[in-house]
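Asker: Let's see this in three dimensions:
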Amino acid sequence: MKIRVAIAGVGNCASALVQGVYYYRNAREDDRVPGIMHVDFGGYHIGDIEFVAAFDVNKLKIGKDLSEAIFAEPNCCAKFIESMPKLGVKVLPGPILDGVASHMREPFKVADDHEPVDVAAVLKEVNADMLVNFLPVGSYEATRYYAQAALDAGCAFVNCIPEFIASDEAWARKFEKAGLPVAGDDIKSQLGATILHRALVKLFVDRGVVIDETYQLNVGGNTDFLNMMAEERLKTKRVSKTEAVTSMIPYEVPTRVGPSDYVPFLGDKKVCFIHIKGRKFGNQPVTVSVKLEVEDSPNSAGMVIDVIRAVKLALDRGIAGPLISISAYAFKHPPVQVDDHIARRWLEEFIRGERDR
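Answerer: Numbering: from 1, shown residues only. The predicted structure is shown next:
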């Protein structure tokens, strides 16, 4: 059975997701695929994911087949698939709302001459199982527009950005009342800044080292980092990333976490600097400083593939409202924040049908 997926925002993360689904679509069940939990995830294979609709505001993407639009400017995600088949899915104009900051109109190639489609009507027409939100950081109104469109269309919602939907009680109740699952918020990477920072902080705490201060500074060269140069768009991003780290520490610590600069020549590469200073036995100092370099967009694509399949399992089982296990495992700001090994155990139990969420 296919999993019918619609995408809001055909940027670098969407490019990595679409490429990844076709790159691994013929993987055997015993293959070790980097970045996903299982090739067979509760009966669903990677290749069962089918893209049925896509929405964007970029004039170079609107009207193009999704297989071509994922490589259109300003996307700079690595092309790791030799040949993408035509998908028969044209990118449709979505509403702009607050999805485009004033300084991003030119970089995003905004199409002012396209009338936005009725997203809910399109989702109904293509019989989408779920809508995956890849809008730019800071898209408060636009994220809520797409979340409501999913509700109106009767499909699930996957929120990959740091606007709080699954972790917001009011929105969680809306999806529960509608009988639909929702997962989020703010997707984690396979091995990114947040998961590495969490692991190091947990190590300090578990070994009894008192943490006195910590920071995580990130730089990159894609449009995500350019968009986040506007500090007013970063409020929820900083909350999401900071809480993901500080939730591991049972006391308050001076902390600074989040994007710090845009470096154009880095392209889709993200460079992260993590610093943790603490005190061990005898109040003697210990400091850990780490530098992490990753291709940014593919780093989360495998996580999204697992999220999509978990949400489909929830749909099959008639589960409504926020999905606790996959959200805790795959997102920075889930409804319930737990240690990563616990979230992994919960998710394995969910896949086997031993947990209802």
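
Asker: wait, doesn't residue 134 sit right on residue 159?
Answerer: No: the pair formed by residue 134 and residue 159 falls short of the contact definition of CB atoms under 8 Å, at 9.7 Å. From N, CA and C alone the C-beta is placed, and that goes for glycine too.

Asker: Which one's more surrounded, these two?
Answerer: Each of residue 134 and residue 159 has its neighbours counted (other CB atoms under 10 Å); residue 159 has more, 32 against 27.

Asker: Okay, buried residues for the helix ranked longest in the chain please.
Answerer: As assigned by DSSP state H, the longest helix anywhere in the chain is helix 298-317. Residues 298-315 are the ones in helix 298-317 that count as buried (16 or more other CB atoms under 10 Å).

Asker: tell me how far that helix is from the chain's mean position?
Answerer: 11 Å (CA atoms, centre = their mean, to the nearest Å).

Asker: Next secondary structure element downstream of it?
Answerer: Next along the chain after helix 298-317, taking DSSP states H and E as the criterion, comes strand 321-322.

Asker: on contacts alone, who are the packing partners of that following strand?
Answerer: helix 169-178, strand 181-183 (3 or more CB pairs under 8 Å, 6 or more residues apart in numbering; DSSP states H and E).

Asker: Columns distance to residue 281 and mean neighbour count on top of those, output as JSON lines?
Answerer: Formatted as JSON lines, those follow (distance: least, CB to CB, whole Å; neighbours: other CB atoms under 10 Å):
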{"stretch": "helix 169-178", "distance to residue 281": "43", "mean neighbour count": "16"}
{"stretch": "strand 181-183", "distance to residue 281": "42", "mean neighbour count": "30"}
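
Asker: wait, which of those is closest to residue 319?
Answerer: Smallest distance to residue 319 across the helices and strands packed on strand 321-322 (CB to CB): 5.6 Å, for strand 181-183.

Asker: can you give me the offset of that closest one from its chain's centre?
Answerer: Distance, centroid of strand 181-183 to centroid of chain: 13 Å (CA atoms, centre = their mean).

Asker: Check stretch 197-208 too.
Answerer: The chain centre lies 24 Å from the centre of stretch 197-208; the measure is CA atoms, centre = their mean.

Asker: Now it: buried residues?
Answerer: Quick answer for stretch 197-208 (16+ other CB under 10 Å): 197-198, 200-202, 204-205.

Asker: Show me what the mean pLDDT comes to for that stretch.
Answerer: Averaging pLDDT along stretch 197-208 gives 97.

Asker: now do stretch 115-134
Answerer: pLDDT averaged over stretch 115-134 gives 98.

Asker: List the buried residues of that stretch.
Answerer: 119-120, 122-123, 126, 128-134.

Asker: could you redo those residues as a markdown table and give each row distance to residue 354?
Answerer: Formatted as a markdown table, the buried residues of stretch 115-134 follow (distance: CB to CB, whole Å):
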| residue | distance to residue 354 |
| --- | --- |
| 119 | 36 |
| 120 | 35 |
| 122 | 36 |
| 123 | 31 |
| 126 | 33 |
| 128 | 28 |
| 129 | 23 |
| 130 | 23 |
| 131 | 28 |
| 132 | 26 |
| 133 | 29 |
| 134 | 31 |
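
Asker: Nearest to residue 91 among those residues?
Answerer: Set against residue 91, the nearest of those by CB to CB is residue 122 (11.4 Å).

Asker: Shouldn't that closest one be within a helix?
Answerer: Yes: Residue 122: assigned to a helix according to DSSP: H, G, I helix; E, B strand; the rest coil.

Asker: The residue lying closest to it once chain neighbours are set aside: what's it in contact with?
Answerer: Nearest residue to residue 122 in three dimensions, chain neighbours excluded: residue 53, at 5.5 Å (CB to CB, 6 or more residues apart in numbering). Shown in contact with residue 53 (CB atoms under 8 Å, 6 or more residues apart in numbering): 6-7, 89, 92, 122-123, 126, 128.

Asker: Pull the distance from stretch 255-266 to the chain's centre.
Answerer: Distance, centroid of stretch 255-266 to centroid of chain: 18 Å (CA atoms, centre = their mean).

Asker: and what of stretch 76-93?
Answerer: 19 Å.

Asker: and what of stretch 187-201?
Answerer: That offset, for stretch 187-201, works out to 13 Å (CA atoms, centre = their mean).

Asker: same deal with stretch 333-340?
Answerer: That offset, for stretch 333-340, works out to 15 Å (CA atoms, centre = their mean).

Asker: cool, stretch 64-79 as well?
Answerer: For stretch 64-79, the distance to the chain centre is 18 Å (CA atoms, centre = their mean).

Asker: now it: mean pLDDT?
Answerer: Averaging pLDDT along stretch 64-79 gives 98.

Asker: Could you do stretch 157-175 as well?
Answerer: Regarding stretch 157-175, the rounded mean pLDDT is 98.

Asker: again with stretch 19-36
Answerer: Averaging pLDDT along stretch 19-36 gives 95.

Asker: Can you get me the start-to-end distance on it?
Answerer: End-to-end distance for stretch 19-36, by CA to CA, to the nearest Å: 14 Å.

Asker: repeat for stretch 92-101
Answerer: End to end - CA to CA - stretch 92-101 spans 20 Å.

Asker: which residues sit against that stretch?
Answerer: 8-9, 53-57, 62, 108, 110-111, 114-117, 119, 122, 135-136, 138-142, 145-146, 227, 230, 233.

Asker: circling back: restricted to strands, list the buried residues of stretch 115-134.
Answerer: Secondary structure from DSSP state E places 130-133 of those in strands.
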